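**Q** Turn this into a model:
(chains A and B)
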Amino acid sequence: MGRVSRAAWIYIAAVVIAAASVVAPRLSGRPMNAGWWMALGVLMLLFLICDSTPTPLAARQSAWSPSSSATLAAVVLLGPVGAALVGAVSVLSLRRKLLLAERVFNAGNFAVSGFAAGETFVALGGRIGLPKPDDFPAIVWPFAAAAAAHVFVNLGLMWGVLQLTRREGPLPRRVQLESSVPLLLASDLGYAALGLVIAALWTVMGPFAAALVLVPLFVARWAMGQFAEQQRAYAATMAALCQAVETKDFYTRGHSERVSRGAGMIAQQIGMRADRAEAIKYAGMLHDVGKLGVPTKVLQKTGPLTEEEFAAIQLHPMRGLEIVREIGFLNEALAGIMHHHEKIDGTGYPMGFAGDEIPEFARIIAVADAFDSMTSTRSYRAARRMSEAIDELRKGAGTQFDPALVEAFIAALHRDGWRLPERAQAPDDRQTVTAQDHDDPTAPLRVIESY
Amino acid sequence: MAMRQADDRLPSWQAMDSGRLLLLAAVGMMVVAAVAHTAAARLTGPQTAIAFGSVIAIGELLRLAQPGGREAAPIATAAALAYALLLRVGELPAGQPIPRVSALQVITVTAVGMTVGALPHIAAGRPAGLTGMATRLVAVACVAFAFRPIAGTDIISGPGHWWIAFMVMTALVIVGWLAEALIGALIRADDLGARFSVALWDEMRTQLPLGAAVGVSAMMITFAAEVMGLAELAVFLGPLLATQVAFRRYSGIQATYLQTVRALARVTEVGGYVESGHSRRVSRLAVAVGRELGLAEPDLLHLEYAALMHDIGQLALPDPIPGGATVLVSKEDQRRIAELGADVISKAGVLDRVAELVRCQSWPSRGDPEPPVGSRIIRAVNAFDDLVGGSTDRDRSAAALERLRLDTAVEYDPGVVEALSEVAGKRLASRLE
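**A** Sure thing, here's the model as predicted:
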């Protein structure tokens, strides 16, 4: 959430006051015997355990926790007040790195949404207390409505607070949240159903029901955690391997990583779906892998290239494709790697595609690729300033680059900034130096014309 | 993976080895007997049977690929176990006895549900997965035969006795799980040539988290059915699906990871540093040798990664070694390539053990300190492949092995070389057939 503005604090206070004002007056009037309080305690514990160990989703900003099953069990067993109290316990969450504002807001949010779910349940004729066999299947409908109310009130209030806080931080969190909403919604509704199962099991085995439920929940959490860990390991391995490819060429070290970042920025700017934005980062990372198939002596040649040597360079996108073709999930990224040297006017390689024939991924990579090449040092020139490189991109818009993507990249540069590569000093050994950069639009490869 | 490989080579029943055939025959006979018995005795509680059968079919449709080429059907297994453990569905009118569902009916319903769920797989041209289905059915049958006779007794289903029922069910679910792991291990040991004890241990370790979730879910279905009736199955499908999605993503990323390393390991081939196919051959052979030596699955995975990337250090060389055969370059160069490769891999920060294997591959196997077994395997297999290449010539292979044997005083581990000779012999034999 970053630092919290006054508007956000007012919003949070409003949510908390709303929660307190609906719960406080009802705290005394009901038959709240020892059994009620014990059940409340157990469900609070269940909620805390679930809430304290959330699992990061694919987008690292949002986390998933099955705590809603505890709230919805409380809806059936204890009623709206109980559900609100169970939700409010979220303020004690053992999750570290939670700001005070986040804790307070979460507690208020879960209390209000728990209460709303409880009221929905009662309004539609749900009976509060241990469910009996005669209650089924009629109870399923009010319960489903309660689960839906819980999810929507919860996400609605969350959306509100994100609207108020998003302008402050540099991270456009809104984008990430929206991309994972369907996933959150589906898993929330799935685990909300577990609330009814907990309530039914409570009739048979009492509070032990809560303990039993924890086993599958934790196994699911374990699997999600493993997934997130593997995904991180995966990204790190990919980056390390790309770096290995770059060791061959002194001046282009870090190029893949920066092109990946630039392509990701463009994707975000044009509002690309999260999974595609993830894929294009990989495509950017891998776009020059095929350069390894180009003989070193061609890369290091200072004079004009022969037609054959030029052909060898033109082949590198295909070589790259050859290497990464077997990576199953990369489908769209493959097209991006293969066509990243096509030009909008149809004069690029390897296929000579023009305009919309060029896949979107390739057009995006082309912009980021050229920009990084121009802002890096080369053996034949110093790094250009960013403003110069931007001018060059604008100059090439419509002939070499997709104008819309050039503008998107420039907007993203103004928003997020760009970390320039460290100024490269020429190395002592001349073995690892590229003499001509095929990515540099301001210094086209010199080819001997044959007649 | 191995199961599928076997299916690929010979699509007919002839591809099956005797163990698998025995399993299928036994289970087939059991199913035929169960169906005949159920048909004669009529279905007890047809509504319940159909409801559980449907969930089993859905679960079988949504099979889950697990690490190591295993296949599971967690939702189907949970539903089938729950049906085997079922006490009563909803409240019975006073005085009416609990309907006695026989173990044979449980088997019938499970088998029919599984078959229905497998049909779309067959229609889509995917393997039917008969072995997996048979294995799961055995687990369900174990639980059903043990629990159905006692399900109606007062001790189990008397009022307030839920905890006794719970203990008995837990014990039986564990027995069923062990039976499944045992059969799975027998088949894998047979398929892959792994040692049975290692295969069993691997099987139990990989199946533990999912097995626990499935077993507990089954018991929850059973107990919740007492209160919720059949509506519960519909409600329960939500959380089961959510859990399965979590698992699917986990297995998916693992497969992608391996695929990516395999693909990127080929940069050395495209760059002309090593002979085409070298990395992949070395990794396959190294894993086979590791299995022969009784390495467990996590170690085999590290070995596979390390073998795929063992030459990655060559990328730092300005010019490829002629022919790419590291066995022919000087000791210093070998060591340097290994060091550079390990540096590359350890930059990822997550594959430290793999980096260690790559680093130590250049050490003499019988030197001091002794390199880890994975490194010794890569060293020997790499030398073997450098000498033999993709050739299937028996004499060439024998000559290469002879050369390695001569060096077992210092360079190569004699145990590894013998295992390699064993594996290479088997490969040649299977190719000649």
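**Q** mind listing what B:His121 touches?
**A** B:His121 is in contact with B:Leu61, B:Arg63, B:Pro127, B:Ala128, B:Gly129, counting by C-beta atoms under 8 Å, 6 or more residues apart in numbering or on different chains. C-beta: built from backbone N, CA, C; applies to glycine.
**Q** Now, of these, which are buried?
**A** Using 16 or more other C-beta atoms under 10 Å in any protein chain shown as the burial test, the contacts of B:His121 include B:Leu61, B:Arg63, B:Pro127, B:Gly129 as buried.
**Q** Just the closest of those to A:Arg95, please.
**A** Minimum distance to A:Arg95 across those is 34.9 Å, recorded for B:Arg63 (C-beta to C-beta).
**Q** For the nearest residue to that closest one once chain neighbours are set aside, grab phi and psi.
**A** Once flanking residues are discounted, B:Arg63 sits nearest to B:Ala73: 4.9 Å by C-beta to C-beta, 6 or more residues apart in numbering or on different chains. As for B:Ala73, its main-chain torsions (degrees, to the nearest 10) stand at phi -130, psi 70.
**Q** May I ask you to confirm that B:Val344 is in contact with A:Leu241?
**A** Yes: contact status for B:Val344 versus A:Leu241: in contact at 7.3 Å, counting by C-beta atoms under 8 Å.
**Q** Identify the contacts common to the two.
**A** B:Ile312.
**Q** Compare these two and say which one has the larger neighbour count.
**A** Neighbour count, other C-beta atoms under 10 Å in any protein chain shown: between B:Val344 and A:Leu241, A:Leu241 has more, with 26 against 22.
**Q** what about that one, helix or strand, and which?
**A** helix A:208-246 (DSSP states H and E).
**Q** Can you spell out the domain ranges of the chain, please?
**A** By default, I'm working from chain A. Here the domain parsing of chain A from automatic domain parsing is A:6-229, A:247-432.
**Q** my question was about chain B
**A** Using automatic domain parsing, chain B is parsed into the domains B:2-258, B:272-432.
**Q** List the buried residues in whatever helix or strand B:Phe52 lives in.
**A** Using DSSP H and E, B:Phe52 maps to helix B:46-61. Neighbour counts over helix B:46-61 (16+ other C-beta under 10 Å) mark B:48-49, B:51-61 as buried.
**Q** On the C-terminal side of it, identify the next helix or strand.
**A** strand B:64-66.
**Q** Each with direction, which strands does the helix or strand that that following strand is followed by pair with?
**A** Going down the chain from strand B:64-66, the next helix or strand is strand B:70-72, by DSSP H and E. In the sheet containing strand B:70-72, the strands it pairs with under DSSP bridges are strand B:64-66 (antiparallel).
**Q** which residues touch the strand it pairs with?
**A** Contacts for strand B:64-66 (C-beta under 8 Å, 6+ apart): B:Glu71, B:Ala72, B:Ala73, B:Pro74, B:Thr206, B:Leu210, B:Gln244, B:Phe247, B:Arg248, B:Ser251, B:Gly252, B:Ala255.
**Q** In the contacts of B:His121, find the pair that's most separated.
**A** Pairwise over the contacts of B:His121, using C-beta to C-beta, the maximum falls at B:Leu61 and B:Pro127, 14.3 Å.
**Q** Let me see the contact set for the residue most central in space within chain B.
**A** Nearest to the geometric centre of chain B sits B:Arg70, at 3.5 Å (C-alpha atoms, centre = their mean). Shown in contact with B:Arg70 (C-beta under 8 Å, 6+ apart): B:Gly184, B:Thr206, B:Gln207.
**Q** that older thread, counting contacts, what elements does the helix holding B:Phe52 pack onto?
**A** Under the contact definition 3 or more C-beta pairs under 8 Å, 6 or more residues apart in numbering or on different chains; DSSP states H and E, helix B:46-61 sits against helix B:74-85, helix B:103-123, helix B:231-264.
**Q** Tell me which of the ones you listed sits most buried.
**A** Among these, helix B:74-85 has the highest mean neighbour count (mean count of other C-beta atoms under 10 Å in any protein chain shown), at a mean of 29.
**Q** buried sites along stretch B:199-206?
**A** Here stretch B:199-206 shows B:Ala199, B:Leu200, B:Asp202, B:Glu203, B:Met204, B:Thr206 as buried, counting by 16+ other C-beta under 10 Å.
**Q** Tell me the bridge partners for the residue nearest to the centre of chain B.
**A** The partner list for B:Arg70 in beta bridges (DSSP bridges) reads B:Gln66.
**Q** Quick check: the gap between it and B:Asp202.
**A** 10 Å (C-beta to C-beta, to the nearest Å).
**Q** circling back to that earlier point, buried sites along the helix holding A:Leu241?
**A** Going by 16+ other C-beta under 10 Å, helix A:208-246 has these buried residues: A:208-210, A:212-213, A:215-228, A:230-231, A:233-235, A:237-246.
**Q** can you give me the helices in the stretch 251-400 of chain B?
**A** Per DSSP state H, counting those that start in this stretch, the stretch 251-400 of chain B carries helices over the ranges B:267-270, B:278-292, B:297-308, B:331-347, B:352-360, B:373-388, B:394-406.
**Q** need the ones you listed in CSV with distance to A:Asp439, can you?
**A** Shown next, in CSV, are those (distance: least, C-beta to C-beta, whole Å):
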stretch, distance to A:Asp439
helix B:267-270, 19
helix B:278-292, 28
helix B:297-308, 29
helix B:331-347, 23
helix B:352-360, 31
helix B:373-388, 36
helix B:394-406, 44
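**Q** is stretch A:349-359 anywhere near chain B?
**A** No: residues of stretch A:349-359 contacting chain B under C-beta under 8 Å from any C-beta of the partner chain: none, with a closest distance of 15.8 Å.
**Q** what does that stretch contact?
**A** A:314-315, A:317-318, A:332, A:335-336, A:338-339, A:341-346, A:348, A:402.
**Q** Check stretch A:311-329 too.
**A** A:279, A:286-295, A:298, A:305, A:330, A:333-334, A:337-341, A:349-350, A:438, A:445, B:255-256, B:259-260, B:262-264, B:266-267, B:270.
**Q** Using ChimeraX, make a named selection holding only the buried ones among those residues.
**A** Filtering the contacts of stretch A:311-329 down to the buried ones (16+ other C-beta under 10 Å) takes a single ChimeraX command:
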select /A:279,286,287,288,289,290,291,292,293,294,298,305,330,333,334,337,338,339,340,341,349,350,438 /B:255,256,259,260,262,263,264,266,267,270
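**Q** With respect to chain A, which of the buried residues of helix B:46-61 is nearest?
**A** B:Ala51 (12.1 Å; C-beta to the nearest C-beta).
**Q** Low-confidence regions, the stretch 51-200 of chain A specifically.
**A** Low-confidence segments of the stretch 51-200 of chain A (pLDDT under 70): A:54-65, A:166-184.
**Q** All the helices of it, in order from the start?
**A** Using DSSP H, counting those that start in this stretch, helices in the stretch 51-200 of chain A cover A:68-78, A:80-88, A:100-123, A:140-165, A:173-205.
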